[in-house]
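S.K.: what's the 3D shape of this:
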Amino acid sequence: MTDAVADTAAPEPGLTRGDPLTPALFALAIFLSASLVFAVQPMITKLVLPTLGGSPSVWNTAMVFFQAALLAGYLYAHLLQRVRSIKAQVGIHLALLLLAASLLPLSINGALGDPNPAQPIVWLLGTLAISVGAPFAVLSATAPLLQAWFARVRAGHHDGQNPYVLYAASNLGSFLALISYPVVIEPLMTLSGQRYGWTGGYGAFIVLIAALAFVVWRRRAEGLAEAPVLPRSAPIPWLEKGRWVLLAAAPSSLMLGVTAHLTTDVASAPFLWVIPLALYLLTFVIAFQSRPWIPLWLTLTIQAALVAACLGLLPFKTGEWAVIFAIHIATFFFTTLMCHQLLAARRPASDRLTEFYLLMSLGGVVGGAFTALLAPVVFQTVIEYPLVLVLTALFRPWGKGRATSIEWMWLAPVVVICLGPPLAIQYVLHNPEALSIISVQDIEMIARFLYGGAAIAAFMIRDRALLFACAIAIVTLSSHQVVSRYDWLHTERSFFGVMRVAGFNDPQMGGNVHMLMHGTTLHGAQARNPEFACSPTLYYSRTGPIGQVTEAVQLRRWDSTIGVIGQGSGGMAAYVRPDDRMTFFEIDPMVDRLSRDPNWFSFINGCAQAPVDTVLGDARLTIEQQPDRQYDLLLVDAFSSDAIPTHLLTVEALQTYLNKVKENGVVVLHLSNRNLEITQPVIAAARRLGAPELHQLYGETNEGGEMADASAEVVILSPTEQGLAEFRSDPRWRTIGDTEVRPWTDDYVNLFGSLIREVQTR
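M.R.: Okay, here's the model as predicted:
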């Protein structure tokens, strides 16, 4: 390993000696550039979300693009160092900044048209490249460039000997920008305001670079020598470069993995995206300090405890999402901090600074591409997140000499404990009479305590990297088997998520029931017994609010036209009569294929008494192409797991729906959600439009079977009072009181406020 700090030339007399403004100017420029680089990421991704259904994969794919653009910026910074004159370097960089400014204010370039749902990644990467690629890449090059310039301009001074300190300042700016986005920028500013505000910040940054150029050029004007070129240190071995890449790749992969895991079941929203990314940057701040707030030995200890506990609990689902969120975030933070502290300990001399950052950036792209691009193709389930957590254990200390017998003994209870719960689950599933003694839920509860013991045993061998990795791998494999309480019949993965078809035995529904699951959310269930097969279930049951509205609208005429945003298992097709017309609007081709496969579901191809169409693509784009005043009923039920595609609930979206239904038609908004309060923004939007609205909160009865119905929160709208006439007299439908919540628009959404309101009501 090379020395962390290179020796520099002897101090030269002149401007830089005793000049406190120069370091401050460098620090301010780096801070502002980093703030701009990371404020633009949630902003531009939020702009592109509506075209791809609000999927969490949009953020992960966008992150890969930003990492690749960062790599391009770092490569440019590295190559620019071959220009020996620092004055020439500053001039070139200033010229490129001005050239990139021609693309401002930022917007989504429509040159590639609408995305193809079958190949969304290519469209997304291409659109981001032509929309924001140039300004982002040239801005991202600033941090390594300014550190390299600082090392030369301040050569011979104490602060110039360790320019890596400025890297902490860079990441601090990034961290503060990201944290302020969900709690300050997004709630207080529209997207238009954000775009123009960012443009103003970019202009201020150009002024700062011009000021730095003045500092550099003034050296020659005052007869001072050109800033010296730093002496070359020994070449870096390729093995060491490989370690840099791996230590940078693992945190990048984990950042996207934990983001996907958390946003799938909460919301595809910037306030959740930025938390892992902000903590990722904070670990750089800590790791590259001269005296880190958290020493490496403490990081290693905490990380071992957290990763063992997290992997044991990973598959278990609970209503206490805040607890699970905290465990995952803490595990991610300390694992990332461990990798970055190990990376900081290996940083090279200052003359190889840009090479170091270039390889770090390469690692970020490798890790991000693995999680966002390769894993969805290679793995059927989201196994890449726990897999990388296990592999990071190999970065830990390996210990000296061979493992002792006592260390090997700690591995034994891990194996024994982890064999029990899966075997118990399988026994109960294949021996229904055992359910009279103990339930699957009881086994899961016991398993939580057992895995706690396994985590403790794994923790005891944390200083033996290979043994520790084996232990937590065993815990991971075992815990995944425990939650296999259903008979998994089919698993398939696409850009938009993982869909699973599961079998479930329900005697009240005639025996075998098929369920379509995404994350922890059911997207439909159907009894396979012909006697019950065509009964709509869960949210679409005839007793629930969606069923109530559907049957009431169908009573008005013998040939209803129905539109459904969000296909799921196709349960709404059970309502289709011979002269009805139904069209699903679905973004994921995989969902359409599964719901039409009679091996899994037959609502569409079996129960519907008339042909049922599917229009693929984001509903905001595809439904706008439909004729106005066409539908008697339009159902909006497009949530993937519990993620909220906010663009489907804005004032503009509701206006589109109202335009597409007939004068007495009804728009049904299914708003059931476990983590966010989204009803008030919808009510506020409806009232801004002057549309009559009613609300119903329905509690499931489970009469007729566990999957027969489900609790639901629904709001109905109509262009006229006539459309809601029969529902006004139904006591199940009520009007919500006045709300002070600001309605969401295409230019303004405040999901953080929705989260706070939901927490306050619990």
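S.K.: state the distance from the closest residue to residue 65 other than its chain neighbours to residue 357.
M.R.: Excluding its sequence neighbours, the residue lying closest to residue 65 (CB to CB, 6 or more residues apart in numbering) is residue 128, at 4.6 Å. For glycine as for every other residue, the C-beta is placed from the backbone atoms N, C-alpha and C. Separation of residue 128 from residue 357 (CB to CB, to the nearest Å): 22 Å.
S.K.: these two: who's more crowded?
M.R.: Between residue 128 and residue 357, counting by other CB atoms under 10 Å, residue 357 is the more crowded of the two (28 against 23).
S.K.: that one in helix, strand or coil?
M.R.: Recorded secondary structure, residue 357: helix (DSSP: H, G, I helix; E, B strand; the rest coil).
S.K.: in which helix or strand would I find the closest residue to it other than its chain neighbours?
M.R.: Excluding the flanking residues, the one nearest residue 357 by CB to CB, 6+ apart is residue 144, at 4.4 Å. Secondary structure from DSSP states H and E places residue 144 in helix 142-153.
S.K.: show me what the mean pLDDT comes to for that helix.
M.R.: The average pLDDT within helix 142-153 is 77.
S.K.: swap in stretch 474-493?
M.R.: Mean pLDDT, stretch 474-493: 75.
S.K.: again, but for stretch 612-619
M.R.: Stretch 612-619 shows a mean pLDDT of 92.
S.K.: report the buried residues of it.
M.R.: With burial defined by 16 or more other CB atoms under 10 Å, the residues of stretch 612-619 counted as buried are 612, 614-619.
S.K.: name the residues that touch it?
M.R.: Where contact means CB atoms under 8 Å, 6 or more residues apart in numbering, the residues beyond stretch 612-619 that reach it are 50-53, 114-115, 117-118, 565-567, 570, 573, 576, 581-587, 589, 592, 604, 622, 636, 638, 648.
S.K.: check those residues for burial and list the buried ones.
M.R.: Applying 16+ other CB under 10 Å to the contacts of stretch 612-619 flags 50-53, 115, 117, 565-567, 570, 573, 576, 581-587, 589, 592, 604, 622, 636, 638, 648 as buried.
S.K.: mind checking which of those land in helices?
M.R.: 589, 592, 622 (DSSP state H).
S.K.: any idea which helix or strand carries the closest residue to the last one other than its chain neighbours?
M.R.: When you say that, I think you mean residue 622. Spatial nearest neighbour of residue 622, chain neighbours left out: residue 615 (4.9 Å); criterion: CB to CB, 6+ apart. According to DSSP H and E, residue 615 maps onto strand 612-616.
S.K.: partners of that strand in the sheet?
M.R.: Taking DSSP bridges as the criterion, strand 612-616 forms sheet pairs with strand 581-586 (parallel).
S.K.: let me see the mean pLDDT of the partner strand.
M.R.: Average pLDDT, strand 581-586: 96.
S.K.: which residues touch that strand?
M.R.: By CB under 8 Å, 6+ apart, the surrounding residues in contact with strand 581-586 are 559-567, 570, 572-573, 575-576, 592, 608, 610, 612-617, 619, 622-623, 638.
S.K.: hey, C-alpha coordinates of that strand in PDB?
M.R.: Taking C-alpha atoms only, strand 581-586 is exported to PDB below (Å, rounded to 0.1, in the frame of the first residue of the first chain):
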ATOM      1  CA  ARG A 581     -66.300  -3.500 -22.900                       C
ATOM      2  CA  MET A 582     -63.300  -3.500 -20.600                       C
ATOM      3  CA  THR A 583     -59.800  -2.200 -21.200                       C
ATOM      4  CA  PHE A 584     -56.900  -2.600 -18.800                       C
ATOM      5  CA  PHE A 585     -54.100   0.000 -18.800                       C
ATOM      6  CA  GLU A 586     -50.900  -1.800 -17.600                       C
END
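S.K.: quick one: the strands in the stretch 501-650 of the chain?
M.R.: 511-518, 521-527, 561-565, 581-586, 612-616, 631-636 (DSSP state E, counting those that start in this stretch).
S.K.: avg pLDDT for the last one?
M.R.: Read that as strand 631-636. The predicted model assigns strand 631-636 a mean pLDDT of 96.
S.K.: what sits up against it?
M.R.: With contact meaning CB under 8 Å, 6+ apart, strand 631-636 is reached by 546, 549-550, 553, 556-557, 560-566, 572, 619, 648-649, 657, 660-662, 665-670.
S.K.: pLDDT of the helix or strand just after it, averaged?
M.R.: As assigned by DSSP H and E, the chain's next helix or strand after strand 631-636 is helix 651-660. Helix 651-660 carries an average pLDDT of 96.
S.K.: buried stuff in the helix or strand that helix 651-660 is followed by?
M.R.: Using DSSP H and E, the helix or strand that follows helix 651-660 in sequence is strand 661-670. For strand 661-670, the neighbour count (16+ other CB under 10 Å) marks 661-662, 664-670 as buried.
S.K.: would you format those as CSV with distance to residue 749 included?
M.R.: Compiled in CSV, the buried residues of strand 661-670 are given as follows (distance: CB to CB, whole Å):
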residue, distance to residue 749
661, 24
662, 29
664, 31
665, 26
666, 25
667, 19
668, 21
669, 16
670, 19
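S.K.: closest to residue 395 out of those residues?
M.R.: Distance to residue 395 across these (CB to CB) is lowest for residue 670, with 45.3 Å.
S.K.: what bridges to the closest one?
M.R.: Counting by DSSP bridges, residue 670 forms beta bridges with residue 714.
S.K.: where does residue 456 fall, secondary structure wise?
M.R.: Secondary structure from DSSP H and E places residue 456 in helix 440-459.
S.K.: check which element follows that helix along the chain.
M.R.: Going down the chain from helix 440-459, the next helix or strand is helix 465-482, by DSSP H and E.
S.K.: now that following helix against helix 440-459, angle please.
M.R.: Interaxial angle of helix 465-482 relative to helix 440-459 (axes from the mean of the first three to the mean of the last three CA atoms, to 10 degrees): 180 degrees.
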